[in-house]
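A.B. asks: Generate coordinates for the sequence data below:
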Amino acid sequence: MPQQLLESPLLLAALVCLVVGAALLLAAVAALLTLSPIRFVTRTFAALVFLALGAAAGLVGAGSLGYHALAREEVAARMSLTPTEPQRFNATIRFADGRSRTFELAGDEISIDAHILKWHPWANLLGLRTAYQLDRVTGRYREMEKERFAPRTVHPLADEGWVNLFRLRQHFAWLNPVLDAQYGSVAFTPANRPAEVELVVSANGLLMREVKRVRP
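C.D. replies: Below you'll find the model as predicted:
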């Protein structure tokens, strides 16, 4: 996380704006003490502008942490699927960052969905690129009745940060000019036989490719 903070252009811009805003605020207080009302008003206004810009940049930058920049199609995870009994299976997911987790799931298929953050072109000038975050893994039944009434298994894949940029975009219109976050993607594949599967993500969304079928 510290490395991400250092590499985030928005968080660095937020820090600069907050420092400038704080300095202007101190200058405004000094102007008030020296009975210079015009300087007090102008410096206070400038301080508020910089502080607001810093807060907005910090909010968007913090919300971007945990997302992975996406420049082309890439493998987000590799999965080993192992059936344990009818409509029950284990899925070991090896993420691109080296982490590995195993989940017990119910159903005929494994389903993974993700959030895609797609920035408007001018935001690319700040170093912001289309990014993704894997959200959850689910066991999926083929039959609709079982999908409605059979036991459901859902596990989170994302670390829930203190700022959820995807949800912020859905609630605050002021993010419209920079971010189009109303974009989710889901992919699923059969899990009723042993297999090795790649989860691939591109600007168009998720897909799953079976690398090889494993003999039981």
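A.B. asks: CA atoms for contacts and neighbours, from now on please.
C.D. replies: Fine.
A.B. asks: can you list the domain ranges for the protein.
C.D. replies: Following automatic domain parsing, the chain resolves into domains at 2-64, 70-213.
A.B. asks: looking at these, which has the lowest confidence?
C.D. replies: Mean pLDDT values for these show the minimum at domain 2-64, a mean of 71.
A.B. asks: can you give me the strands in this structure?
C.D. replies: Secondary structure of the chain, counting by DSSP state E: strands at 68-69, 74-85, 88-95, 100-106, 109-119, 131-140, 154-156, 179-180, 184-190, 195-202, 205-213.
A.B. asks: With mean neighbour count and distance to Lys146 as extra columns, can I get those in TSV?
C.D. replies: Formatted as TSV, the strands of the chain follow (neighbours: other C-alpha atoms under 10 Å; distance: least, C-alpha to C-alpha, whole Å):
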stretch	mean neighbour count	distance to Lys146
strand 68-69	16	35
strand 74-85	19	16
strand 88-95	20	13
strand 100-106	17	11
strand 109-119	22	12
strand 131-140	22	9
strand 154-156	14	15
strand 179-180	18	35
strand 184-190	17	16
strand 195-202	20	23
strand 205-213	16	23
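A.B. asks: For Pro151, grab the count of nearby residues.
C.D. replies: 12 (other C-alpha atoms under 10 Å).
A.B. asks: for Phe45, that is, sorry about that
C.D. replies: Phe45 has 16 nearby residues by other C-alpha under 10 Å.
A.B. asks: same deal with Glu145?
C.D. replies: Count around Glu145 with other C-alpha under 10 Å applied: 9.
A.B. asks: if I look at it, how far off is His155?
C.D. replies: Per C-alpha to C-alpha, to the nearest Å, Glu145 is found 22 Å from His155.
A.B. asks: can you count the residues close to Ser36?
C.D. replies: Ser36 has 13 neighbours, counted by other C-alpha under 10 Å.
A.B. asks: Contact partners for Ala187?
C.D. replies: Taking C-alpha atoms under 8 Å, 6 or more residues apart in numbering as the contact definition, Ala187 lies against 111-113, 206-208.
A.B. asks: Let's have those residues in CSV, adding distance to Thr138.
C.D. replies: Converted to CSV, the contacts of Ala187 look like this (distance: C-alpha to C-alpha, whole Å):
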residue, distance to Thr138
Ser111, 5
Ile112, 6
Asp113, 9
Leu206, 15
Leu207, 15
Met208, 14
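A.B. asks: Between those residues, which sits nearest Ser80?
C.D. replies: Met208 (12.3 Å; C-alpha to C-alpha).
A.B. asks: Looks like that closest one contacts Thr189 (just checking).
C.D. replies: Yes: at 6.7 Å, Met208 and Thr189 qualify as touching, with contact defined as C-alpha atoms under 8 Å.
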